[in-house]
Each structure stands twice: as structure tokens, then as C-alpha cells.
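**Student:** show me how the following folds:
(chains A and B)
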Amino acid sequence: MEENLVIVESPAKANTISNFLGKGFTVKSSFGHIRDLSKDNFGIDIKNNYTPVYIIPDDKKKVVAELKKSAGEAATIWLASDEDREGEAIAWHLSEVLKLDPEKTQRIVFHEITKTAIKEAIENPREINRNLVNAQQARRVLDRLVGFELSPLLWKKVRPALSAGRVQSVAVRLIAERENEIDSFESNAFFRISAQFEFLDESGNSHKFQAELPSRLKDREKAHEFLSACRSAGFRVLDVTKKPVKKSPAPPFITSTLQQEASRKLGFSVARTMSVAQRLYESGKITYMRTDSVNLSKSALAAARDVIVEEFGKEYSKTRNFTTRSKGAQEAHEAIRPTYLQNRSVAGNRQEQRLYELIWKRCLASQMSEAQLEKTTARIRISTLPEHLVATGEVIRFDGFLKVYMESTDDEQGEQSSGLLPPMKENDDLNLLKMEASERFNQFPPRYTEASLVKKMEELGIGRPSTYAPTISTIQNRGYVVKENREGVERKYCVCSLVGEDISETIRTEVYGKEKSKLFPTDIGQLVNDFLVEYFSNILDYNFTASIEKEFDKIADGKLEWTRMIDKFYPGFHGQVVETARTSQRPKGERILGADPGSGRQVSVKIGRFGPMAQIGEASEEEKPRFASLLKNQSIKTITLEEALSLFKLPRTIGHFEDQEIVIGIGKFGPYARHAGKFYSLEKSDNPLSISLERAIELIDHKREQDKNKIIRKFEENSGLQILNGKWGPYISLDKKNFRIPKSKKAEELGYGDCLEIIEKAKKAKKKKQ
DNA sequence: CAGTGAGCGAGCTTCCGCTTGACTT
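**Tutor:** Now for the predicted structure:
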């Protein structure tokens, strides 16, 4: 009989700890929470003082059974879940579900997975903190009440299967409001002056450098005035100042910063980052990847120091302890770092290697010296004008942490780093080579990327390291938000230049507004957001989470009873829901675009039962209205009358191919081309209103080619049986029912009998399950 | 599997945070 059973949350952690503890200890994992609220009747007995009704979900029954068995065989059970609200709740649920004897049960915590930390934890056990558990119950119950009251209201008022919640609805709000800001943004033009100078040093060597006018000029006229005044001017150095600047490294990664940097530097989505990190964690290469703490263990600090001194020298090492700045942080784990800092790279696929290297660099850099820079500023006097031009240069005196890592920013127009300025001094004369006044425009506020949304959510204290990626998936799956690229738009701008005595003007073009992997609200997202903000401004408030977190803290401190807190919130909120259900109009987001030139009837767009649609005429009129769905990339907010009218031109015949006509239309699955009774989906870049016959034929040929490759084998014995190539590899299809091929078998080598055997087995297995 | 947009009513959807595999056509 094993003497000790230790229960942690993650199986990978269980493995590591097991090695530290050795004989006499069995370490098992709970795989996170083992119980949750039932889905029936909120899982809360509201009338009975909000008593939670907990159940063990089906996929956790096996784990629980195993833990029960092990617990029964152990003399002492050590509950070693994380030291935060959720972890404490997990410990409590374990003690309840496993019916643990308090005499035999110990609660322990550790923040880092090292032998000393664990030994220390075992020597200092404590009891389960019921106040902390109650804070978690309050959190859980409140989220359930909000989510399960608001979502059905949306089913009733907007569309089935929608959802709303404390976290996701605020995330959607951020994106919707940013889009509104961009819509109402007015771009102003102005002019910027830049000049290229030549400086001749004492030996007569020529140095060229760039200087700028710090202020903007209002318009083209002012730009011309400025250049004219400079035509016959002399230029002289007014003064040169040098200033040392220090740059410090960023703290090591936590979940949110890892997601941001992997997005900027590697182009990973947040979900990709988390799944690659998970693999690195499971193979023991990095510490836990869902964390909000920037803390590093003592052993990691020592290892970092050793590696830095060895690789770069003593002067590059500077041990630092970072403090966590985000508010809601619970700090149950270390920062994300390599388990062995001496490993600069690891085995694995390309993505794993790149992410690991990023983590290694960031962690190491955090323990390195500041970079020392010298910033030089030269002011240049213009003999004919009171304004000064300014040239700046920056040189690195000591690179420090920059040797391994530089944090990126979300700014798309990065500052151009200027190098060293020429060795000029006060009153030196300069030759003007060229001066330009270039038209610029102020930028609309940036749209969110997945990663910058995570950053914003973290600032607001909304969501947790374990939920950032799933939340972002949810709001996309519900159709509130889409991640898209946008083509930029060409814009002309004016450049006036002064060379010698001549002032000339040219018009150039640039592309602006190009977007890559940005989050856009959909029509339904905007509609739902407007509705929720109107009727539930308290829940959608950006500070809602922060203010209830304060209450949870009071509960955790034993100063507030959790059911009292819920009772202060729920009756009012429930009344709000009932009242909104009774009084609010079904929101349609209708917009009237104008009149149909043909019939004079009203043309409008709105959200219908099946999504955004355009409509000619009104339901009240004698003649029935005509309807057409909007295209995927069109929106109720921005569609024009002309665009709406052209939707009614579908379906249309665009020509003939193989003696049959090709008809373009929009169906259940989007735009299609129909030919000889078969349908061919148009691609995203194809516009159904303007697609050419050639392109449509290309799509048909392509599809035919694909279908040819799809079939791996056919059988004479039965034409309904085929081996096909699918998204997840080969599979067997029998009369449109599909069956998996066991991994041990090769698809090409399967005979008719083999297929039937596989099908029979699959059918039997299915019966058994039921 | 590609034409929908009236209204009714069955029965379904849904939250946030902890964790991983199982599994899809």
C-alpha cells in the first residue's frame, strides 16, 4: 500500500513531481476541475439561498473513479492544486467528492516545481481555505447567472444559439466600439518638412544626414511658403546636445505577453501559440504556459546568471526580480521560461523551435544589463525663418540585453532608427541638398488583432490566462467577430520639393488601410452589442469585472458572505432581464438606403431570420417585398444603394460551357456557379456580380480535378463503397456513411473484404457505446 | 446540399475557468 497520494491539476506536473518525491509517494492529476454546476435550472437552487447543484461531468467520471480508488489505498492525501481561487476550489471539490477524511488530508501549495519548494510545501501543510473556496463559488455562480439569463434573452430577441457573458460580451464590445470609432474618424491632411543636409568636416569629408521640422504645416499653401523662405536661406548648427539613455529589458513571458510577441514576431494566432506551448510544456522543455506571474524561481535566476556570464561575460548579467503589474493576477505559477536555460534550442518541429527560442531569449534578456544609448540632438537654424530643424541620432554605447532580445510594438509604422550624426558643432555651416514638404494624414485608431485584444482584456482584468484563447474562439464561432485581411485603398498625396532654387510639386500614390488578421465586428455582432449595451450597460461596463473582483476579495478575506453578495446582485439583474424581455423591440438594425429607380419602392437592409438581407418594398404594401441576402464581405452599416440593388440581379446567366449555361447565384453555402445540374462554390476573392465566364470555367475544371484525386479506390463489387481522400486523410465511404481507417492499415492496400470488416467493426463498436 | 424573409411550437442552444485527449469527413 502506497503511503502518500499527491493530487495536482496537470498530468505533466504530476510526472515531474513524482520524480522529486520518489518512493512512498504516488502523484496523480485531477485534470483541472472535477465538478461543475449542473446545466438544469441554472445548476443553482435560487430560492434556497443560491445553493449550487454540482455534478461530475461525464468526461471526468473516469478520473474521479481512479482518484477514489487511489485515495482509498493511501494513508495520507496531499491536495496540491494551485494556490489561487480556482485551485482552492479544486482541492475542496476533491475532498468532497472523494469523501476524504480530514484526519488523513493535507492541503499544500508551491509556486515553483523544484525539489526544495515541494519539500518545503510538504513540511508546511494547511487546511482548505473555505473563504477562498466561497469566493470561487461566488465567481462561478455569478457567471452562470449572467450567462444563462442573457443568452436565452438573445435567442428570443435576436437569433437562436447566440450567447452572452461577463467576459465574451465585453470582448465583443471592444471590437464593435473600435469599429464605430473608425467609421466616424475623419482623416486630416497636413504637411511635414524633411531636409537632407551635407556637412563637411575639418578634413573635407562629406557627411549626409536627415533633419526634420518638429511641427506640422497646415496645408499646401503653408508648405510652399516654408519652402520659398528656405530657397535663399543659410543653414547653421544652433546647438548639439548629447544625452545618455538607458533601456531596460521586459519581464519574462506570461500567457498574455507570450501571445502578443508570438503574434508580432512569429505571426501565430493565440490558439496556435497555446497549443505549441502546450507541447513544449508536456515534453518538459518549458514551465507552465498559463500563468499571470512574472516571477522566476531562485534556481532559474542562478541558471540565467551562469548562462549569461558564460556566453556574454559578467558585465552582461544583472539579476532582477520583476513585480506583476496586472490587477487581477493570482500568481499561482512561475513566469513562462525554459526549464533548462542552458538549452538555447530544442528538438521539435519548426513551430516548437521558434516559440522555444523566443521564450529562451525573453527570459535570458530579462536577467541582463540595461542597454546604454546615447541620443544626440542637433538644432539647425534657418536664416530666414524663426523655426528650427532638428536632427537626431542614436548610438548604442553598450548593447546589454539588446544582444539577445528586443520587444516589438503594435505600431505598424515603426520609428526609423537613426544612426550616428556627423561630428558637427555649434555654428558649423551646412549645405542643403534637398527639402521636401510631404502631405501626411492622421491615422484612424488601430483595429484589434487577437493578441492586442488579449492585452486590452488583461488591462481590464477580464478573463484569465486559461481563457484568453478560448474566448477569442468563442466570439468568432458565434459569428460576432471575424478575423480578416482587407485590401488597402490607394490614396494620392502631394510632395513639394526644393532642390537648389527650384520648387517643384509631384503627386504620389500610397496604399493605406491595408489590414492583416484583424478583428472586425459582423452585423450580428454589432446588433447584439448595441442591444446589450442599451439594456445591460451595468454588465457591459468595462469596470464590471473589476468591481465584482473587489467583492470576491472581501469574500476571500472572510468579510462578506458569498450568498449575500449574489443576493445583492441577482434580484435586480433578474428584474432587468424580465423587463427587457417584456418591453424591448426585436432589434433589426434596419437602414433605409433610398428608392429603387425602377419601381420607386423603398430599398432597405436589415438582419433577417437567416442573416443580413436587402429588401425592396415594404411588407404592408400590396405587392410583396423582394428579398436578397447580403454577400459575406458586405455589411448593413456600409452597403450602398447601388450595391444593394445589384444583389437582386442574381441568379444570372453569364454564358455557356460545353453547351450548357453557367448560372451564378447565392445559396445556403454562399455564392456558387451552377452548370449541368452541379454546383461549384465561388472563392472568397470572386465577386458573383462581376465574375467572368473564364473564371467560372476555371473553377469547374479545378473542382473536377479535385474530385478525381478524391477517389483512392473504387470497387466493382459495390459502387456505393469507396475509399476517399478527406480533410483528415483517407476514409471509407459506404452509401454516404463514413468510416475511419485504423492507423495500422494503409488505405491503398485495403481490399473489398478489408473494408467490409472495418465497417462491421465500427458498427459493433457504436452499438456497444449506446 | 445551393429558391428561404408569415407565425406557431416542439426541442435545442448558453456562461467562465481548471485541465487534456478523443474525434471529426
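
**Student:** going forward, measure contacts between C-alpha atoms and count neighbours the same way
**Tutor:** Will do.

**Student:** which residues does whichever residue of the stretch 351-500 of chain A sits closest to DNA strand B contact?
**Tutor:** Across the stretch 351-500 of chain A, the shortest distance to DNA strand B (Cα to the nearest atom of the strand) belongs to A:Gly463, at 3.6 Å. By Cα atoms under 8 Å, 6 or more residues apart in numbering, the contact set of A:Gly463 is A:167, A:457.

**Student:** could you tell me the phi and psi values at it?
**Tutor:** Dihedral pair for A:Gly463: phi 90, psi 170, per degrees, to the nearest 10.

**Student:** check the one 5 residues further on too.
**Tutor:** Backbone torsions for A:Tyr468, taken as degrees, to the nearest 10, come to phi -50, psi -50.

**Student:** mind checking how far it is from A:Phe226?
**Tutor:** 51 Å (Cα to Cα, to the nearest Å).

**Student:** more neighbours: which of the two?
**Tutor:** Neighbour comparison, A:Tyr468 and A:Phe226: the larger count goes to A:Tyr468, with 27 against 17 (by other Cα atoms under 10 Å).

**Student:** now the more buried one. Nearest residue, chain neighbours left out?
**Tutor:** Take A:Tyr468 and drop its neighbours on the chain: the residue closest to it by Cα to Cα, 6 or more residues apart in numbering is A:Val454, 6.3 Å away.

**Student:** tell me where the stretch 301-450 of chain A is predicted with low confidence.
**Tutor:** Residue ranges of the stretch 301-450 of chain A with pLDDT under 70: A:327, A:411-418.

**Student:** what about 80?
**Tutor:** Applying pLDDT under 80 to the stretch 301-450 of chain A flags the ranges A:325-332, A:409-418.

**Student:** residue of it nearest DNA strand B, please.
**Tutor:** Closest point on the stretch 301-450 of chain A to DNA strand B, by Cα to the nearest atom of the strand, is A:Gln330, at 7.8 Å.

**Student:** follow-up on the earlier one: need the per-residue pLDDT for the residue of the stretch 351-500 of chain A closest to DNA strand B.
**Tutor:** On pLDDT, A:Gly463 comes in at 97.

**Student:** list the contacts of the nearest residue to the residue of the stretch 301-450 of chain A closest to DNA strand B once chain neighbours are set aside.
**Tutor:** Closest residue to A:Gln330 apart from its sequence neighbours, by Cα to Cα, 6+ apart: A:Asp84 at 5.9 Å. By Cα under 8 Å, 6+ apart, the residues touching A:Asp84 are A:330-332.

**Student:** now tabulate those in JSON lines and tack on secondary structure, distance to A:Tyr752 and neighbour count.
**Tutor:** Output for the contacts of A:Asp84, formatted as JSON lines (DSSP: H, G, I helix; E, B strand; the rest coil; distance: Cα to Cα, whole Å; neighbours: other Cα atoms under 10 Å):
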{"residue": "A:Gln330", "secondary structure": "coil", "distance to A:Tyr752": "59", "neighbour count": "17"}
{"residue": "A:Glu331", "secondary structure": "coil", "distance to A:Tyr752": "59", "neighbour count": "17"}
{"residue": "A:Ala332", "secondary structure": "coil", "distance to A:Tyr752": "56", "neighbour count": "20"}
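
**Student:** just these now: which is nearest A:Pro671?
**Tutor:** A:Gln330 (48.8 Å; Cα to Cα).

**Student:** spell out which parts of the stretch 101-250 of chain A neighbour DNA strand B.
**Tutor:** Contact residues, the stretch 101-250 of chain A versus DNA strand B (Cα under 7 Å from any atom of the strand): A:140, A:143-152, A:155, A:160-169.

**Student:** just the buried members of these?
**Tutor:** A:144-152, A:162-169 (16 or more other Cα atoms under 10 Å).

**Student:** among these, name the ones in helices.
**Tutor:** A:144-152, A:168-169 (DSSP state H).

**Student:** show me what from the stretch 651-770 of chain A comes close to DNA strand B.
**Tutor:** Counting by Cα under 7 Å from any atom of the strand, the stretch 651-770 of chain A sits next to DNA strand B at A:666-672, A:679-681, A:725-731, A:738-741.

**Student:** let's see 10 Å
**Tutor:** Counting by Cα under 10 Å from any atom of the strand, the residues of the stretch 651-770 of chain A close to DNA strand B are A:651, A:664-674, A:677-682, A:724-733, A:736-742, A:762, A:765-766, A:769.

**Student:** quick one: buried ones out of these?
**Tutor:** A:651, A:664-666, A:670-674, A:679-682, A:724-725, A:730-733, A:739, A:741.

**Student:** can you give me the helices for the stretch 451-600 of chain A?
**Tutor:** For the stretch 451-600 of chain A, the helices defined by DSSP state H, counting those that start in this stretch cover A:468-477, A:523-535, A:537-540, A:544-556, A:562-583.

**Student:** which positions in the stretch 401-550 of chain A make contact with DNA strand B?
**Tutor:** So far as Cα under 10 Å from any atom of the strand goes, the stretch 401-550 of chain A lies against DNA strand B at A:461-475, A:477-478, A:545, A:549.

**Student:** now the residues you listed: which count as buried?
**Tutor:** A:461-465, A:468-469, A:471-473, A:475, A:545, A:549.
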